[in-house]
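Undergrad: Need coordinates for the following:
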Amino acid sequence: MQTVAITTEYITLGQLLKLTNCIHTGGEAKAFLQANKVLVNGQPENRRGRKLVPGDLVEVDGYGAFAVARR
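TA: Numbers count the residues shown, from 1 in each chain. Model prediction:
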């Protein structure tokens, strides 16, 4: 599991996908979420604007798990 450290209150799911190299541009997020299984805290999620806060766990099928943490 990789840790994604943030300095802000939250990060969106689309931003996390870009930071973790699951996608190359933010514009790819919507299509990526429709084509791939993504779980946030064990629940399916397909909204690129979903706000993630420290303590959230994101699992991306084929890419691994990412924990959001405060920097």
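Undergrad: Check this structure for its longest strand and report it.
TA: Assignment by DSSP state E gives strand 64-70 as the longest strand of the chain.
Undergrad: helices or strands up against that one?
TA: Applying 3 or more Cβ pairs under 8 Å, 6 or more residues apart in numbering; DSSP states H and E, one finds that strand 64-70 contacts strand 2-6, strand 57-60. In short, each C-beta sits where N, CA and C put it, glycine included.
Undergrad: winner for burial among those?
TA: strand 57-60 (a mean of 19; mean count of other Cβ atoms under 10 Å).
Undergrad: list the helices and strands it packs on?
TA: Packing contacts for strand 57-60, counted by 3+ Cβ pairs under 8 Å, 6+ apart, involve helix 13-19, strand 38-40, strand 64-70.
Undergrad: make it 6 Å
TA: strand 38-40, strand 64-70 (3 or more Cβ pairs under 6 Å, 6 or more residues apart in numbering; DSSP states H and E).
Undergrad: Distance of residue 33 relative to residue 69?
TA: 22 Å (Cβ to Cβ, to the nearest Å).
Undergrad: Please say which of these two ends up with more neighbours.
TA: Using other Cβ atoms under 10 Å as the criterion, residue 33 and residue 69 rank with residue 33 on top: 22 against 12.
Undergrad: Am I right that the more buried one is in a strand?
TA: No. Assigned with DSSP: H, G, I helix; E, B strand; the rest coil, residue 33 falls outside any strand and is helix.
Undergrad: Could you report the neighbour count for the closest residue to it other than its chain neighbours?
TA: Spatial nearest neighbour of residue 33, chain neighbours left out: residue 46 (4.5 Å); criterion: Cβ to Cβ, 6 or more residues apart in numbering. Applying other Cβ under 10 Å, we find 16 other residues in the vicinity of residue 46.
Undergrad: quick one: residue 46 from residue 17, how far?
TA: For residue 46, the distance to residue 17 - Cβ to Cβ - is 12 Å.
Undergrad: Having no further points to raise, I will conclude here.
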